[in-house]
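Peer 1: could you work out the structure for the sequence below:
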Amino acid sequence: MKTSLEEMLAFVSVVDSGSISAAAEQLEQTASGVSRALSRLEEKLAVTLLRRTTRRLELTEEGELFLAQARRILASVEEAEEQMALRRQAPAGRLRINTASPFMLHVIVPLIGEFRARYPQIELELNSDDRIIDLLERRTDLAIRIGHLPDSSLHARPLYHSRRRVLASPEYLRRHGHPARSEDLQGHCLIGFTEPDSLNEWPLRHALGERWRITPSLRASSGDTMLELALAGEGLVCLSDFMTDAARARGALVEVLAEQRVEVRQPINAVYYRNTALASRITCFLDFLSEHLGDPGQGGMSGEPRR
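Peer 2: Okay, the predicted model is just below:
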């Protein structure tokens, strides 16, 4: 587009007010600035829009045609700005969220009912993926990542931290006994991740350090699969609190080697692209999560999520 909104607005204001000086006062600009905007507009369009005489300004035929179009364009822009203002007050539109399956099931899904009641005009699209995805390629507005983030062009907002604990079912411990030291784990069935292998380092203090690297007897790619195996009494597992809150609360899983546990908290961040102002539908979801999970930047807790 050759012409600018500023030039159109100057032209319409001059016509409506009847003079360049009156338009300048209305626009809170200098008369020379408004005059230059008019001259640029006529130069770009290669037509004369206004005949200037000593007493008044008069629209040419081309000026009358352009005035009608300019009014429609300016009205359309004003309407769009009003709609954006309304969306900020009442966020609307589709919000695409991506995170790992365990976090989606154990944290996000229980909060969805309240979020939808609060923001009924937002259409949620929830996608689970245990691998890191390209947000632009998958058309994702917001992703929630567990663990330390690699350097990237994405913006990140910390949500909270979650502890990792070694757990087992009471039935497994009844059959195989309680390990008293980290070294005793070698005689137990240990359930580990297929990847990333770093999660097979359990935060346990021992004679040689504060991380105990396990050799899994069972491996699974999904934390939820590992949780179900532990609940079924198949072995010991090390998982984040957000996955095991409910199982621990009802006694289905109990912590093992609590005295040897090293306080390791997994950071949980919301990541997103941000080239300009963040859309209100994304901002309100981030604020909603921070309200329920605890925002470290606002004095929130950094343990288990609030419900």
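Peer 1: going by C-alpha atoms from here, please, whenever you check contacts or count neighbours.
Peer 2: Fine.
Peer 1: can you give me the strands for the stretch 51-200 of the chain?
Peer 2: Shown for the stretch 51-200 of the chain, the strands assigned by DSSP state E, counting those that start in this stretch span residues 57-59, 93-99, 122-128, 142-146, 155-168, 190-193.
Peer 1: what sits against residue 147?
Peer 2: Contacts for residue 147 (C-alpha atoms under 8 Å, 6 or more residues apart in numbering) come out as 266-268.
Peer 1: now residue 211
Peer 2: Applying C-alpha under 8 Å, 6+ apart, we find residue 211 in contact with 201-205.
Peer 1: would CSV of these with distance to residue 286, secondary structure and neighbour count be doable?
Peer 2: Below are the contacts of residue 211 laid out as CSV (distance: C-alpha to C-alpha, whole Å; DSSP: H, G, I helix; E, B strand; the rest coil; neighbours: other C-alpha atoms under 10 Å):
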residue, distance to residue 286, secondary structure, neighbour count
201, 31, strand, 15
202, 30, strand, 23
203, 30, coil, 24
204, 33, strand, 23
205, 36, coil, 18
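Peer 1: redo those as a markdown table? Include pLDDT and distance to residue 191.
Peer 2: Putting the contacts of residue 211 into a markdown table (pLDDT from 0 to 100; distance: C-alpha to C-alpha, whole Å) gives the following:
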| residue | pLDDT | distance to residue 191 |
| --- | --- | --- |
| 201 | 91 | 12 |
| 202 | 92 | 11 |
| 203 | 91 | 15 |
| 204 | 92 | 15 |
| 205 | 89 | 19 |
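Peer 1: and those, which two are furthest apart?
Peer 2: Of all pairs drawn from those, the one with the longest distance (C-alpha to C-alpha) is 201 and 205, at 11.3 Å.
Peer 1: any chance of the backbone angles for residue 254?
Peer 2: With angles defined as degrees, to the nearest 10, residue 254 sits at phi -130, psi 150.
Peer 1: for this structure, what spans make up the helices?
Peer 2: Counting by DSSP state H, one finds helices in the chain at the ranges 5-17, 20-27, 31-45, 61-89, 101-103, 109-118, 170-176, 223-231, 241-249, 280-293.
Peer 1: mind checking which of the ones you listed is nearest residue 156?
Peer 2: Closest approach to residue 156 among the helices of the chain is made by helix 280-293 (10.8 Å; C-alpha to C-alpha).
Peer 1: who's the most centrally placed residue in the chain bridged to?
Peer 2: Using C-alpha atoms, centre = their mean, the residue of the chain that lies closest to the mean C-alpha position is residue 142, 3.6 Å off. Here residue 142 shows beta-bridge partners residue 97, assigned using DSSP bridges.
Peer 1: so how many other residues sit close to the nearest residue to residue 231 once chain neighbours are set aside?
Peer 2: Spatial nearest neighbour of residue 231, excluding adjacent residues (C-alpha to C-alpha, 6 or more residues apart in numbering): residue 169 at 5.7 Å. Counted by other C-alpha atoms under 10 Å, the residues lying close to residue 169 total 24.
Peer 1: kindly report the same for residue 47.
Peer 2: By the measure other C-alpha under 10 Å, the count of residues near residue 47 is 12.
Peer 1: and it, what does it touch?
Peer 2: The contact partners of residue 47, by C-alpha under 8 Å, 6+ apart, come to residue 62.
Peer 1: ok, now how distant is it from residue 61?
Peer 2: With the distance defined as C-alpha to C-alpha, to the nearest Å, residue 47 ends up 10 Å from residue 61.
Peer 1: and for residue 273?
Peer 2: In this view, residue 273 and residue 61 are 48 Å apart by C-alpha to C-alpha.
Peer 1: one step back: just the contacts of residue 211 now: which is nearest residue 287?
Peer 2: When the contacts of residue 211 are compared for distance to residue 287 (C-alpha to C-alpha), residue 203 wins out at 31.1 Å.
Peer 1: re earlier: and residue 273 and residue 61? Which one has more around it.
Peer 2: residue 273 (16 against 12).
Peer 1: thinking again about what came up before, lowest-confidence stretch among the helices of the chain?
Peer 2: The stretch with the lowest mean pLDDT among the helices of the chain is helix 61-89, which comes in at a mean of 83.
Peer 1: tell me the angle it makes with helix 31-45.
Peer 2: Taking axes from the mean of the first three to the mean of the last three C-alpha atoms, to 10 degrees, one finds helix 61-89 and helix 31-45 inclined to each other by 110 degrees.
Peer 1: ok, and for helix 61-89, which residues are buried?
Peer 2: Burial within helix 61-89, assessed by neighbour count using 16 or more other C-alpha atoms under 10 Å, is assigned to 63, 66-67, 70, 74, 84, 87.
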